[in-house]
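>>> turn this into a model:
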Amino acid sequence: MDLSLFFFANTAAETADSAAGCYDLLLESARFADRNGFAAVWTPERHFHAFGGQYPNPSVLGAALATTTSRIAIRAGSVVAPLHDPVRIAEEWSVVDNLSRGRAGVSFASGWQPVDFTLRPHAYADRKKLMAEAVDTVRSLWRGEELALSGPDGADHKVRVFPRPVQPEVPVWITAAGHIDTFRTAGRLGAGLLTHMLGQDHAALARNIGAYREEFAACHGEDARGHVSVMAHTLTGPSRESVRSQVRAPLREYLRSSLDLLMRSGGGPAAAGAPLTLSAQDEEFLLDRAFDRYFDTAGVFGPVTEAVAAARSIEEAGADEVACLIDFGVPAQEVLQALPSLAEVARHLADPRP
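Below you'll find the model as predicted:
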């Protein structure tokens, strides 16, 4: 089983002065992961909110990571495909593939936050269909095939992507928040699957991954399995109690920011089940319950032995990789100090199970 690093939630800086070092954790962690056997580093696409707002374009960050690493895979987690022309997605990630000498990969998402779609309002209603079409288009262009596009003269013009990618096929994932239809879509498209534990317990995760594997095999051959990456909040430390103390405040604020996004969107993913309005008292109660559940059952927390056990439980639900979300508000220096023990977890997971 593989471990990768996932970035999503570090609060965006509000001023140019405070933004100066906001990418230091990303760059230093990626270099550490590159030297210590991690599989990949994932960067997301987020817009118009301090929750993850330092990540508006994963291809830009992917290009930076490509020049400071030499081995680790560099993946978008995720490109919100309906917000973009798929030709531009192919062009940008081909550049990342060239800069990294063939280490790029892309997870595609349909998007769900209405505010994001102020960038492309007409795409919101058909966002799931547009995402699937974007996957097909990017794959075709990546292979070097031509695409006919209408020009201002009304004529069709055949275009190909330059620079040509290094990899003959683009590694593709589909991001699924918990709706089983999205898991099946990933299987049908022959893509990998990127999901998380925020709205799923282990039983639901296993059911959804099972649906993905079933659809993948039905569409692409009975021996075809695909690839499943599960994002989980992660921090290792000398004891479970010390880690719980370190993560309690930042993880509660992470969950509060996530809840704010859900309420702004009119509820967000159905699996979240969040009401549209909450009293301050109800919100604090909900956050306490959410923290306890997440820390105890859904994250990768604690000393090495417990972190290995937590990752193995995600593996038992059907995952091939745990994508360790490490930038959820714990001070950067504490995260960096914990990386050597997380590398030890990765080494344990790389050994075949008895």
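>>> now the terminal residues of stretch 40-58, how far apart.
14 Å (CA to CA, to the nearest Å).
>>> most distant residue from the middle of this structure?
The C-alpha centroid of the chain is most remote from residue 153, which lies 40.0 Å away (CA atoms, centre = their mean).
>>> what's the helix or strand for that one?
Residue 153 is part of no helix or strand, with elements assigned from DSSP states H and E.
>>> so what's it up against?
When the contact criterion is CB atoms under 8 Å, 6 or more residues apart in numbering, residue 153 has no partners at all. C-beta: built from backbone N, CA, C; applies to glycine.
>>> that one and residue 202, how far apart?
Distance from residue 153 to residue 202, counting by CB to CB, to the nearest Å: 57 Å.
>>> other SSEs contacting the helix or strand in which residue 41 is found?
Counting by DSSP H and E, the element that carries residue 41 is strand 40-43. Contact partners of strand 40-43 among helices and strands, from 3 or more CB pairs under 8 Å, 6 or more residues apart in numbering; DSSP states H and E: strand 2-6, helix 24-35, helix 58-68, strand 73-80, strand 321-325.
>>> so what pLDDT did the residue farthest from the centre of the chain get?
Per-residue pLDDT puts residue 153 at 87.
>>> how close does residue 283 get to residue 290?
Distance from residue 283 to residue 290, counting by CB to CB: 10 Å.
>>> please disregard the earlier target; I meant residue 50.
Residue 50 sits 19 Å away from residue 290 when distances are taken as CB to CB.
>>> can you check residue 329 too?
15 Å.
>>> please apply the same query to residue 196.
Taken as CB to CB, the span from residue 196 to residue 290 is 14 Å.
>>> okay, and the helix or strand of the protein with the least pLDDT?
In the chain, no helix or strand scores lower on mean pLDDT, DSSP states H and E than helix 16-19, which sits at a mean of 52.
>>> contacts only, for the closest residue in space to residue 330 that isn't next to it in sequence.
Excluding the flanking residues, the one nearest residue 330 by CB to CB, 6 or more residues apart in numbering is residue 250, at 5.2 Å. Listed by CB under 8 Å, 6+ apart, the contact set of residue 250 reads 328-330.
>>> how does it look with 10 Å?
Contact partners of residue 250, counting by CB atoms under 10 Å, 6 or more residues apart in numbering, are 9, 11, 233, 235, 327-331, 334.
>>> the host helix or strand of residue 232 pairs with which strands, and in what direction?
Assigned by DSSP H and E, residue 232 belongs to strand 228-236. When pairing is defined by DSSP bridges, strand 228-236 lines up against strand 192-196 (parallel), strand 300-302 (parallel), strand 321-325 (parallel).
>>> dump the residue contacts of residue 3.
Contact partners of residue 3, counting by CB under 10 Å, 6+ apart, are 33, 36-40, 234, 300, 307, 311, 321-324, 342-343, 345-350.
>>> can you list the weak-confidence ranges in the stretch 151-300 of the chain?
Residue ranges of the stretch 151-300 of the chain with pLDDT under 70: 258-278.
>>> and with 90 instead?
151, 153-155, 177-178, 197-200, 250-291, 293-294 (pLDDT under 90).
>>> list buried residues within the contacts of residue 3.
For the contacts of residue 3, a neighbour count by 16 or more other CB atoms under 10 Å gives the buried set as 33, 36, 38-40, 234, 300, 307, 311, 321-324, 342-343, 345-346, 348-349.
>>> ok, now how distant is residue 340 from residue 36?
The gap separating residue 340 from residue 36 is 8 Å, by CB to CB.
>>> kindly apply the preceding question to residue 45 instead.
Using CB to CB, one gets 27 Å for the distance from residue 45 to residue 36.
>>> so which bits of stretch 154-166 are buried?
Buried-residue list, stretch 154-166, by 16+ other CB under 10 Å: 161, 165.
>>> cool, and stretch 118-135?
Buried residues in stretch 118-135 (16+ other CB under 10 Å): 120, 123-124, 127-128, 130-132, 134-135.
>>> find the pair from these with maximum spatial separation.
Greatest spacing in the buried residues of stretch 118-135, by CB to CB: 124 and 135 (18.4 Å).
>>> mind listing what residue 70 touches?
Contacts of residue 70 (CB under 10 Å, 6+ apart): 31, 34-35, 100-101, 103.
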